[in-house]
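Colleague: With the sequence up front, the predicted model follows.
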Amino acid sequence: MVAHPQFIDLQNNGCFGADFNRVGISTAAFETACTALRNIGVENILATIITEDIDVMKQLLGQVISARNESGITRDIIAGVHIEGPFINERNGYVGAHPVHAVRVASVEQMKQLLDAANGLTRIVTLAPERDPDMKVTKFLADQRVIVSAGHCDPTLDQLKQGVDAGLRMFTHLGNGCPREMNRHDNIIQRALSMKELSAGFIADGVHIPYFALCNYLQSIGLDRAFIVTDSMAAAGLGPGDNYTLGKQRVSVDERGVTRSIDDPDPTHFVASAATSKMIHDNAQEPLGLSDDQMDALMYHNPKRILGL
């Protein structure tokens, strides 16, 4: 076991065999995952629930709450939840691995249902500003002191500015959740980087973003406003295989850690990641050219500050 915690992960869909998006996951599975996370130096995570039908998402959020109530280690490690969707962009590329059938326009009433199911533990909500009419959900969440993050989205620069005015403060896994081919200049990555009011998370596993590109992004946004997430799923910490899940999706993981949907005949997107925080730290530091203190900022101090811990 490590001597002291090193990591805080604001986007974790599951790990060490536990799929936080699977209906019926046991408290024991949460305990196993959280014990393994502690053993590799993780102090806290946000259990991340992605797009599904509202009733299913409520059930999944309830499972996280129940597991925390029943298990001390789970309560210690899971500091809250990150609700990613369902109010995102449904277009191919932007929707990523989220099930298209469950994507919808933002609704304050449905958002309230999800917050209630999370029993006051919602720390971050990822949504698409262009799917939030009059930014009503963004304003509502900001009033509730929930961090509002843009992601799986393609707002115009004006829409992004309107979101910031309404309370948008973050961008989820910048560089992903968008098509492989976009306008060379006017695209969501460039728009987000231009918004100095936004902090941004990055999946630094070397798969989701080439390290040279991530270096450029970090230089542009500045280390004070950046942080690293795993965006991990059940395979994280276990290695290659083809028997993993993310919710209802079957997922394969290859030797490089690339995660693909088994059920998609032409997969053009990754299905979360198979990386742990320790793997990212050990593998990314040298190619990113960052010092120990800089890695600590990206993987511990900045996320801790964002959560107000």
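Modeller: Good, I have the coordinates. Residues are numbered from 1 along each chain as shown.

Colleague: At which residues are the helices of the chain located?
Modeller: Ranges of helices within the chain are 27-39, 54-70, 72-77, 108-117, 136-143, 157-166, 188-193, 211-221, 277-288, 292-296, 302-307, based on DSSP state H.

Colleague: could those helices go into a markdown table alongside mean neighbour count, distance to Ala236 and mean pLDDT?
Modeller: Every residue, glycine included, has its C-beta placed from N, CA and C. As requested, the helices of the chain are exported to a markdown table (neighbours: other CB atoms under 10 Å; distance: least, CB to CB, whole Å; pLDDT from 0 to 100):
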| stretch | mean neighbour count | distance to Ala236 | mean pLDDT |
| --- | --- | --- | --- |
| helix 27-39 | 20 | 9 | 98 |
| helix 54-70 | 19 | 17 | 98 |
| helix 72-77 | 17 | 14 | 98 |
| helix 108-117 | 17 | 25 | 98 |
| helix 136-143 | 20 | 28 | 98 |
| helix 157-166 | 18 | 30 | 98 |
| helix 188-193 | 20 | 25 | 98 |
| helix 211-221 | 16 | 19 | 98 |
| helix 277-288 | 18 | 8 | 97 |
| helix 292-296 | 14 | 19 | 96 |
| helix 302-307 | 19 | 17 | 97 |
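
Colleague: Of all those helices, which one is nearest Ala18?
Modeller: Nearest to Ala18, of all the helices of the chain, is helix 27-39, at 3.8 Å by CB to CB.

Colleague: quick one, longest strand in this structure?
Modeller: When the chain is parsed with DSSP state E, its longest strand is strand 42-50.

Colleague: list the helices and strands it packs on?
Modeller: Here strand 42-50 touches strand 7-12, helix 54-70, helix 72-77, strand 78-84, helix 302-307, going by 3 or more CB pairs under 8 Å, 6 or more residues apart in numbering; DSSP states H and E.

Colleague: Which one of the ones you listed lies nearest to Asp242?
Modeller: Nearest of the helices and strands packed on strand 42-50 (CB to CB): strand 7-12, 21.7 Å.

Colleague: Arg180 and Glu31, how far apart?
Modeller: 38 Å (CB to CB, to the nearest Å).

Colleague: And the average pLDDT for stretch 11-23 is what?
Modeller: Mean pLDDT, computed over stretch 11-23, is 98.
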